[in-house]
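Participant: Pasting a predicted model and its sequence here:
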Amino acid sequence: MSQQDDLFPVQPLSVEVPKNLTEPRLWVRRLKIWKEPGGEIIRDIELRPGLNIIWSPDGDDDPEGGGRAIGHGSGKTLFCRLLRYCLGESRFADEVQRDAISTTFLNGVVGAEVMLDGVCWAVTRPLGIARKHFAIVNGNLDIVAKMEGTATGIEPLIDAIEATILGEGTSQLARLSVGQRAWPVALAWAARDQEC
């Protein structure tokens, strides 16, 4: 039996990294959580370009702990959601979890050092109530976390990512409706987890 030719043949995937590229064009260098602006640091997590593995021990992996360790409910998904929040998602958790976190950390702030084409953006976003969103190019994360005054919002970072990473052609493809931003759509496609 003869085989029919494919109507739409699959093109081979070809990816070439520019020779002058020394790091990813977009990556998160650090994620930091404060109980309040300039106050107690809850977490300060440095990341590296490339693959970073986030894990927690399972009960079977912790023989000295008497099986108390558990891999579920340790915060891995929330960590990923906070990263995505700092990259432009509108929320970091469902309404029930957001309410619980904002009640516990009324003035809490999450921030990230987002590297975009070798330039550091300091991004801070509220976990609690009555805080402002900031995205400052060449900013110092600790200073931006304490900033008062007029907020920039997250839009300057989204604009920069859309202009430098996505480009106009890709942005046009990613928009599902008039006026919709392309980066949040691309971020949702690229950063799916078990909740999606």
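Facilitator: All right, it came through fine. Residues are numbered from 1 along each chain as shown.
Participant: Can you get me the start-to-end distance on stretch 165-182?
Facilitator: Using Cα to Cα, to the nearest Å, the end-to-end distance of stretch 165-182 comes to 11 Å.
Participant: Just give me how far that stretch sits from the chain centre.
Facilitator: 19 Å (Cα atoms, centre = their mean, to the nearest Å).
Participant: Would you confirm that residue 160 belongs to a helix?
Facilitator: Yes: Residue 160: assigned to a helix according to DSSP: H, G, I helix; E, B strand; the rest coil.
Participant: and the closest residue to it other than its chain neighbours, what are its phi and psi?
Facilitator: Leaving aside its chain neighbours, residue 160 sits nearest to residue 116 (5.8 Å; criterion: Cβ to Cβ, 6 or more residues apart in numbering). For the C-beta atoms, the positions are set from N, CA and C on the backbone; glycine is no exception. Note on residue 116: its backbone torsions stand at phi -130, psi 110 [degrees, to the nearest 10].
Participant: Tell me, how many residues neighbour residue 116?
Facilitator: For residue 116, the count of nearby residues is 18 (other Cβ atoms under 10 Å).
Participant: Same check on residue 180?
Facilitator: Other residues near residue 180 come to 11 when the count uses other Cβ under 10 Å.
Participant: Residue 124 too?
Facilitator: The burial count for residue 124: 29, using other Cβ under 10 Å.
Participant: Please state the offset of the helix or strand it falls within from the chain centre?
Facilitator: Per DSSP states H and E, residue 124 falls inside strand 119-126. Counting by Cα atoms, centre = their mean, strand 119-126 is centred 11 Å from the centre of its parent chain.
Participant: can you pull the buried residues of that strand?
Facilitator: 120, 121, 122, 123, 124, 125, 126 (16 or more other Cβ atoms under 10 Å).
Participant: Any idea what the fifth one is bridged to?
Facilitator: The one in question is residue 124. Residues in a beta bridge with residue 124, per DSSP bridges, are residue 111, residue 134.
Participant: Repeat that for the first one.
Facilitator: Here residue 120 sits in beta bridges with residue 115, going by DSSP bridges.
Participant: wait, doesn't it sit right on residue 139?
Facilitator: Yes: the pair residue 120 / residue 139 is scored as a contact, 7.5 Å apart, by Cβ atoms under 8 Å.
Participant: Contact partners for the residue nearest to residue 160?
Facilitator: By Cβ atoms under 8 Å, 6 or more residues apart in numbering, the contact set of residue 116 is 25, 26, 157, 160, 161, 164, 165.
Participant: Pull out the buried members of those residues.
Facilitator: Buried by 16+ other Cβ under 10 Å: 26, 157, 160, 161, out of the contacts of residue 116.
Participant: Now pLDDT too, for those, in TSV please.
Facilitator: Shown next, in TSV, are those (pLDDT from 0 to 100):
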residue	pLDDT
26	90
157	93
160	93
161	91
